[in-house]
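Chemist: attaching a predicted model along with its sequence, questions to come.
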Amino acid sequence: MSKETITVVKRQSDGRVLQILDDGSTRELVDTTDWEALRAMSDEAVEAAALADPDAQPITEQDAAKMHRVPRIKTLRRALHLTQEEFSTRYHIPLGTLRDWEQGRCEPDQPSRAYLRVIAHDPDGVMRALTPLVTPSSR
């Protein structure tokens, strides 16, 4: 089995893009593109420059056929550094349902997708909202 490399990034409200590292810390990804020079180029020149870059070659139909999409739920769970069981318990999603979503056997319905978007936006807030309030017993 090959080792996978997953890069998780998060766009801040101020437009900065942060990479989330394996230890949970972040580092800012700096855009080094010379946008003025790019805007001055014709479409043909941009395409020629892209094709000249060995790291930016178009995907062939054979390459595309070999690819598979990683379900967003799996990416979200991994970004939160949670196992399927931990994610399932924390966010009250049945484990079998989570596995079905991650393995592509079915997709979340519209309310579930909305819930997952909220988890992605504020995972700690969702966890707090789902944690029962403990009140002192009255005597």
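Modeler: All right, it came through fine. Worth saying up front: this structure is predicted, and the values here are computed from it rather than measured. Numbers count the residues shown, from 1 in each chain.
Chemist: tell me how many other residues surround Ala120.
Modeler: Neighbour count of Ala120, defined by other C-beta atoms under 10 Å: 16. Where you see a C-beta, it was placed from the backbone N, CA and C, and this is true even at glycine.
Chemist: now Ile73
Modeler: Ile73: 23 neighbours (other C-beta under 10 Å).
Chemist: what's the answer for Ala56, then?
Modeler: 9.
Chemist: identify the residue spatially nearest to it, adjacent ones excluded.
Modeler: Distance criterion C-beta to C-beta, 6 or more residues apart in numbering; nearest residue to Ala56, sequence neighbours excluded, is Ala50 at 5.1 Å.
Chemist: pLDDT score for the one you found?
Modeler: Note on Ala50: pLDDT of 85.
Chemist: any idea how far Arg99 is from it?
Modeler: For Ala50, the distance to Arg99 equals 39 Å [C-beta to C-beta, to the nearest Å].
Chemist: cool, Ala114 as well?
Modeler: Counting by C-beta to C-beta, the gap from Ala114 to Arg99 is 21 Å.
Chemist: ok, now Met41?
Modeler: For Met41 relative to Arg99 (C-beta to C-beta), the value is 47 Å.
Chemist: tell me which element the residue nearest to Ala56 is part of?
Modeler: helix 43-52 (DSSP states H and E).
Chemist: which other helices and strands does that helix contact?
Modeler: Using 3 or more C-beta pairs under 8 Å, 6 or more residues apart in numbering; DSSP states H and E as the contact test, no helix or strand touches helix 43-52.
Chemist: give the next helix or strand downstream of it.
Modeler: helix 61-66.
Chemist: that following helix - contacts with which helices or strands?
Modeler: Partner elements for helix 61-66 (3+ C-beta pairs under 8 Å, 6+ apart): none found.
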